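Participant: Have a look at this prediction, sequence included:
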Amino acid sequence: MSAGKCEVCLEEKPKLVTCGRCGSRKYCGAACQRKDWPTHKHACQPKKQPSWILKITIPDSREPQIWRTLVCPDGATFQELHYAIQIAFGWAAAHSYDFVARDPTADERPVDDIRALIARRMGQDAGEQRDFGPRQNYIRIVNPNDDKHIDSLHSYDRKHSQTPEKKADKVHVGEQFNKNEWKNAEWEYMYDHGDEWGHEVEIIGRGNVDDAFKCTDGNGHGIAEDAGSMRGWEELKDAYRAAKPTDEQKKRMHWFENLAKNFDPEGLKGRESHVDLSLINALLKTSMDCMD
Ligand SMILES: [Zn+2]
Ligand SMILES: [Zn+2]
C-alpha cells in the first residue's frame, strides 16, 4: 500500500490498494476496485514471475549420467515444458508422457506379485479403476493427445483414484511449483510408458521475469528412442566400446546411426558425453511450435 491518487475516483488518499492480479492498478478501496473491474478485467494481465531453473536428470543413466539444466518461464504450460525436455534431451516426441508430483511421505507400494498384476490387468480390460496400494502422487499431469500414443495404455499403474489428473496444455508450471499443498513434492517426468524413461525434475532456483526456454548446461548424449529401456541403451554403449564388435553389436550401431527415430549418423564412439548446447538453444527458439 502506498499514498497517491485512486485511479477511479481520482481522490488523493494516504493509503491505496493494488489490484492483486496485475499489481499495477491502484484504488482507494474495495468499492472503487469493484466498480472498475468490469472494464479493468480486459486489460488486467497476471503479474509476470521469474522463470524456474530446473535440473532434469535421468537418474537411471550411468557413466555418464544424463542431465540438462533448463530455464523454464513461469507462465509455460507443462506441455511446453515437455517440448523443451524433448529438445534438450534429443528425444523424438514419438511416445506419450506424464508429469507427477510425487509425495515423498507416501507409504510404499506393495511389491508387485503375479496375482496383483493379473487382477489389475483384468480390471483394466473391464475399464475400471483399481488402485494398487496407497496413493503415490499429489497430482498427475497428462498428455492431452494420449489417444495418439499406444504406449499410454501402459500408464495404467500411474493412475490412482486419489490422484487428480489434469491436461498438460491447461496447467502452468509456476502455479503447480508454487502450490502450498505440495511444496515438498518431487517432480518426475516420465517419457514413453513402454521403455519408461524417468526424468527427475529438480527446482534449483529462479531466473529473470522475461526469460524464455533455455538450456544452460548438461552432460550425456541423448538416449536412442526405442533402445529397449536402460538395458538396451547400455548394450548400445557397450557395442561402441567394443574393440571387436560382434555382428549383433554392428547391427545395433547401424540401427542407431540410420534407423532410430532420433538417429545420430555420427554414432556414439567417444561421444557418450556429447551435448550441443547451441543446437539445443537454436531448436528451443525455432522448433517449439512444430512439436506434438
Ligand atoms: Zn476511489
Ligand atoms: Zn489488475
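Facilitator: Okay, I see it. Ligands and ions are numbered 1, 2, ... in the order given.
Participant: Around ligand 2, which positions in this structure sit nearby?
Facilitator: 19, 21, 22, 25, 44 (C-beta under 5 Å from the ion). Where C-beta positions appear, they are placed from N, C-alpha and C, glycine not excepted.
Participant: for those, which one is nearest ligand 1?
Facilitator: Ligand 1 lies nearest to residue 25 out of the residues of the chain next to ligand 2, by C-beta to the ion, at 11.1 Å.
Participant: Might you report the residue contacts of the closest residue to residue 5 other than its chain neighbours?
Facilitator: Once flanking residues are discounted, residue 5 sits nearest to residue 12: 5.4 Å by C-beta to C-beta, 6 or more residues apart in numbering. Contact partners of residue 12, counting by C-beta atoms under 8 Å, 6 or more residues apart in numbering, are 3, 4, 5.
Participant: Specify which member of the residues you listed is nearest to ligand 1.
Facilitator: Nearest to ligand 1, judged by C-beta to the ion, of the contacts of residue 12 is residue 5 at 8.7 Å.
Participant: show me what contacts that closest one?
Facilitator: Contacts were defined as C-beta under 8 Å, 6+ apart; by that measure residue 5 touches 11, 12, 13, 26.
Participant: Helix, strand or coil: sort out the residue in the stretch 151-292 of the chain positioned nearest to ligand 2 for me.
Facilitator: At 16.9 Å from ligand 2, residue 209 is the closest residue in the stretch 151-292 of the chain, using C-beta to the ion. Under DSSP: H, G, I helix; E, B strand; the rest coil, residue 209 falls in the coil class.
Participant: State the distance from it to residue 49.
Facilitator: Residue 209 is 7 Å from residue 49, where distance means C-beta to C-beta, to the nearest Å.
Participant: the more surrounded of the two?
Facilitator: residue 49 (15 against 12; other C-beta atoms under 10 Å).
Participant: Next, the contact list for the closest residue to the more buried one other than its chain neighbours, please.
Facilitator: Excluding its sequence neighbours, the residue lying closest to residue 49 (C-beta to C-beta, 6+ apart) is residue 74, at 4.0 Å. Going by C-beta under 8 Å, 6+ apart, residue 74 touches 48, 49, 50, 51, 52, 172, 173, 174.
Participant: of the contacts of residue 5, closest to residue 236?
Facilitator: Of all these, residue 236 sits closest to residue 26, with 61.2 Å by C-beta to C-beta.
Participant: Any idea how many residues pack against the closest residue to the closest one other than its chain neighbours?
Facilitator: Excluding the flanking residues, the one nearest residue 26 by C-beta to C-beta, 6+ apart is residue 16, at 4.4 Å. If you count neighbours by other C-beta under 10 Å, residue 16 ends up with 19.
Participant: Quick one: classify residue 16 as helix, strand or coil.
Facilitator: Secondary structure assignment for residue 16 (three-state DSSP): strand.
Participant: Looks like it contacts residue 8 (just checking).
Facilitator: No - with contacts counted by C-beta atoms under 8 Å, residue 16 stays clear of residue 8, the gap being 10.8 Å.
Participant: Now do the same contact list for residue 154.
Facilitator: 193, 194.
Participant: Mind pulling up the pLDDT for it?
Facilitator: Here the pLDDT value assigned to residue 154 is 79.
Participant: Helix, strand, or coil at it?
Facilitator: Under three-state DSSP, residue 154 falls in the helix class.
Participant: For it, give its distance to residue 207.
Facilitator: 35 Å.
Participant: what do you get for residue 7?
Facilitator: 32 Å.
Participant: again with residue 275
Facilitator: Counting by C-beta to C-beta - residue 275 and residue 207 are separated by 20 Å.
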